[in-house]
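Visitor: Return atomic coordinates for the entry below.
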Amino acid sequence: MEKTFKRKITLAIAAVLVVLELGGSSFFVFEAKGAESDVTNGVAAYTQRNYTEAFRLLRPLAEQGNARAQSFLGVMYATGHGVPQDNTQAVAWYRKAAEQGDVNAQANLGLMYASGRGVPRDDAQAVAWYRKAAEQGDAVAQFTLGVMYEAGRGVPRDDAQAAAWFHKSAEQGNTRAQNKLGFMYASGRGVPRDDAQAVAWYRRSAEQGNALAQYSLGVMYEAGRGVPRDDAQAVVWFHKSAEQGNASAQYNLGAMWEFGRGVRQDNTQAIRWYRRAAEQEDADIRRRAQERLRHLEGVR
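Guide: Numbers count the residues shown, from 1 in each chain. Take a look at the predicted model:
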């Protein structure tokens, strides 16, 4: 499972909030799709943070069986916007919409089962609902289903299936799926090992700003895997990732400065990046960075 990913909720008119969570890690995604005319006003009210008005408009439509309104009402209960936060009610409304084929509700119902919110945790049910959304082409659900296969949650572990779902999602531009697919090719998991393919997918993700992919692309350049070895390019990608707080990239960047690889040797810069790495939670990176700091500060 990947580490925690959190995004601020910023809603646009004619958008629907999707809340997905895996292993305690959550993120919020708004999928901009043309809202039906009878829910547009409710969505607009939510956009303006007029949650009371949004609920007033959406609740009757949901009770009349409008799937989009039901799905959005589930979001309101899940987030506590306009109503007391109530996961049981969120599940009830997600289910009504999901059973009508609403892709966002299907993905969110998968979330609720995966995290045990409003229902007992049930990974098999989570997979079933994620699959329904994924088969409708939802890129986030495709990525999440790949993660479930990779981890063996709700299904037998199957790297080939994981890679297949990551590929579907990655082709739609999902940056996390692109990074995962790069890893699968780099490690030969679920697909034949292919460093050139790994580089291609890492690059697509890295160019969208994914810090993990930026770090991994730097590693590929440093090692000359899938591309000619190029320390200067490794430094470029380590730096992009390090600026986003990636501990491994910060440590590697410190090493590049310390040993003059891809940059002119500069202990001051090396110390700067080792210090940032030493402040991270990763115990191994912190220990290694502290060792280099003791050496360099002793030299000075």
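Visitor: just checking, Asn174 touches Gln142?
Guide: Yes - using CB atoms under 8 Å, Asn174 is in contact with Gln142, at 7.4 Å. Quick note: C-beta positions are derived from backbone N, CA and C, even for glycine.
Visitor: So which residues of the stretch 101-250 of the chain form helices?
Guide: 103-115, 123-135, 139-151, 159-171, 175-187, 195-206, 211-223, 231-243, 247-259 (DSSP state H, counting those that start in this stretch).
Visitor: Correct me if wrong: Ala232 contacts Arg264.
Guide: No - contact criterion CB under 8 Å: Ala232 and Arg264 do not qualify, at 11.0 Å.
Visitor: Indicate which one of the helices of the stretch 101-250 of the chain is closest to Ala97.
Guide: helix 103-115 (3.5 Å; CB to CB).
Visitor: That closest one: how far from the chain's middle?
Guide: Between the centre of helix 103-115 and the centre of its chain there are 15 Å (CA atoms, centre = their mean, to the nearest Å).
Visitor: Which neighbouring elements make contact with it?
Guide: strand 15-22, helix 67-79, helix 87-98, helix 123-135, helix 139-151 (3 or more CB pairs under 8 Å, 6 or more residues apart in numbering; DSSP states H and E).
Visitor: Now tabulate the ones you listed in JSON lines and tack on mean neighbour count, distance to Ser216 and mean pLDDT.
Guide: As requested, the helices and strands packed on helix 103-115 are exported to JSON lines (neighbours: other CB atoms under 10 Å; distance: least, CB to CB, whole Å; pLDDT from 0 to 100):
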{"stretch": "strand 15-22", "mean neighbour count": "22", "distance to Ser216": "20", "mean pLDDT": "37"}
{"stretch": "helix 67-79", "mean neighbour count": "25", "distance to Ser216": "33", "mean pLDDT": "95"}
{"stretch": "helix 87-98", "mean neighbour count": "22", "distance to Ser216": "35", "mean pLDDT": "98"}
{"stretch": "helix 123-135", "mean neighbour count": "21", "distance to Ser216": "25", "mean pLDDT": "98"}
{"stretch": "helix 139-151", "mean neighbour count": "25", "distance to Ser216": "16", "mean pLDDT": "98"}
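Visitor: Looking at the ones you listed, spot the one closest to Ala186.
Guide: helix 139-151 (14.3 Å).
Visitor: Give me the residues contacting that closest one.
Guide: Contact partners of helix 139-151, identified using CB atoms under 8 Å, 6 or more residues apart in numbering, comprise 1-2, 18, 20, 22, 29, 31, 103, 106-107, 110, 114, 123, 126-127, 130-131, 133-134, 153-155, 157-159, 161-166, 168-169, 172-174, 176-177, 180.
Visitor: PyMOL command to pick out the buried ones of the residues you listed?
Guide: In PyMOL syntax, the buried subset of those is picked out as below (16 or more other CB atoms under 10 Å):
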select buried, resi 2+18+20+22+29+103+106+107+110+114+123+126+127+130+131+133+134+153+154+155+158+159+161+162+163+164+165+166+168+169+174+176+177+180
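Visitor: And Val43, what's its pLDDT?
Guide: At Val43, the pLDDT value in this model is 86.
Visitor: Same check on Arg261?
Guide: 98.
Visitor: For burial, what's the neighbour tally of it?
Guide: For Arg261, the neighbour count with other CB atoms under 10 Å is 15.
Visitor: hang on, the earlier thing: between the helices of the stretch 101-250 of the chain, which one is nearest to Gln70?
Guide: Closest among the helices of the stretch 101-250 of the chain, once you apply CB to CB, is helix 103-115, at 6.9 Å.
Visitor: one step back: adding distance to Tyr94 as columns, could you present the helices of the stretch 101-250 of the chain in TSV?
Guide: Formatted as TSV, the helices of the stretch 101-250 of the chain follow (distance: least, CB to CB, whole Å):
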stretch	distance to Tyr94
helix 103-115	4
helix 123-135	9
helix 139-151	13
helix 159-171	21
helix 175-187	23
helix 195-206	30
helix 211-223	30
helix 231-243	36
helix 247-259	36
